[in-house]
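J.: Make a model of this:
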Amino acid sequence: MILPRASRSEAELATLQAFEQCYRQVTSPVLRAIELRVCGCDYGGTSWTTRAEADRIGAELRLSPGKALLDVGAGAGWPSLYLTKRSGCSAVLVDQPPEGLRVAVARIADDGIGDRCRVVRGDGVALPFKDACFDAVSHSDVLCCLPNKVDVLRECRRVIQNAGRSAFTVIYIPHGLSAVDRAAAVTAGPSFVQTESLYETMLVESGWRLLSRADLTHEFAATLRRMIDARLAKADELVALVGREEHEAFVAAMRQKLEVIGRGLLERAMFIAEPV
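T.: Numbering: from 1, shown residues only. Sure thing, here's the model as predicted:
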């Protein structure tokens with residue numbers, strides 16, 4: 001049920017290609033060392049989810065042996081593979097970029113959890129699963145990288161059991177900004193960070209009841225600072241891996257994000273919801 005490439009916009013294709021390139025590099029020793037220092041994990045993750053946040057997601061989703069977790073936009077498997085190993089639940093990982101899923105498959109084998117994990121290439125707006133087949137759904141900083149946010153939330157609602165829960169983190173632009181400030185936030189944020197509706201409204205529209213919303217903006221800023229420091233400390237190795245221009249552009253982008261966060265133009269939160 002993968003959408004044909006012709007149906008995607010140029011911006012969507014560019015985002016997919018950027019993630020694909022990222023996943024080709026995430027298993028390098030220097031990037032794994034940086035990820036461990038910054039987020040407390042070494043799965044090749046591309047979200048801003050820290051280990052502490054992953055533990056919180058697992059607790060909110062009430063994961064345990066016998067429960068089935070769906071990770072939408074799973075990439076290389078962070079944090080779902082960690083949660084699977086820690087809680088004893090089973091997991092299905094779904095995403096588009098083949099390179100990320102390849103990294104996830106290798107980590108599943110390394111962690112010895114192949115009997116409880118499955119990797120599927122699929123699209124969040126048309127999940128290739130039957131109705132009500134999961135106990136929990138998670139996605140980490142995924143919706144801000146996708147244009148059809150309500151469609152994804154609606155599909156997640158379709159595949160979850162009535163007693164299940166969803167947990168997700170997302171970066172977003174606060175409503176009520178001036179046009180100039182909003183433009184600055186769009187430039188610094190993820191590819192599809194701009195929304196017309198609040199996430200609280202989108203959850204209602206897609207069949208969810210919001211249980212809690214936790215502001216993670218302060219933690220996000222601290223993670224960005226750790227990322228900048230870690231990248232600068234490993235500059236020589238990163239230049240050898242990706243080239244000086246790409247290394248410097250990445251650090252500059254992180255500094256730009258940190259600057260707009262400090263101005264209150266970008267925020268990040270964790271949402272916990274249950275089916276209506």
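
J.: C-alpha only now, for contacts and for neighbours.
T.: OK.

J.: out of everything not next to it in sequence, what's closest to Ile113?
T.: Lys85 (7.0 Å; C-alpha to C-alpha, 6 or more residues apart in numbering).

J.: Gly88: what's it in contact with?
T.: Counting by C-alpha atoms under 8 Å, 6 or more residues apart in numbering, Gly88 touches 63-66.

J.: again, but for Cys144
T.: Contacts of Cys144 (C-alpha under 8 Å, 6+ apart): 170-172, 190-194.

J.: Sheet partners, orientation included, of the longest strand along the chain?
T.: Ranked by residue count and defined by DSSP state E, the top strand of the chain is strand 160-172. Strands adjacent to strand 160-172 in the sheet, as given by DSSP bridges, are strand 134-140 (parallel), strand 267-275 (antiparallel).

J.: can you redo those strands as TSV with distance to Ala14?
T.: As requested, the strands paired with strand 160-172 are exported to TSV (distance: least, C-alpha to C-alpha, whole Å):
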stretch	distance to Ala14
strand 134-140	20
strand 267-275	23
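
J.: what's the most buried one of those strands?
T.: strand 134-140 (a mean of 25; mean count of other C-alpha atoms under 10 Å).

J.: mean confidence score for that one?
T.: Mean pLDDT, computed over strand 134-140, is 98.

J.: quick one: secondary structure of Val260?
T.: Here Val260 is recorded as helix under DSSP: H, G, I helix; E, B strand; the rest coil.

J.: and it, what does it touch?
T.: 184-185, 188, 266 are the contacts of Val260 under C-alpha under 8 Å, 6+ apart.

J.: Need the pLDDT of it.
T.: Model confidence at Val260 (pLDDT) stands at 98.

J.: neighbours around Val204, how many?
T.: 17 (other C-alpha atoms under 10 Å).

J.: Wait, a helix at it?
T.: Yes - assessed by three-state DSSP, Val204 belongs to a helix.

J.: Per-residue pLDDT of it, please?
T.: pLDDT, Val204: 98.

J.: Next one: it relative to Pro147, how far apart?
T.: Val204 is 18 Å from Pro147, where distance means C-alpha to C-alpha, to the nearest Å.

J.: Likewise for Cys156?
T.: Using C-alpha to C-alpha, Cys156 is found at 15 Å from Pro147.

J.: Could you do Pro275 as well?
T.: Distance of Pro275 to Pro147, computed by C-alpha to C-alpha: 22 Å.

J.: Quick one: neighbours of Ala109, just the number.
T.: Residues near Ala109, counting by other C-alpha under 10 Å: 12.
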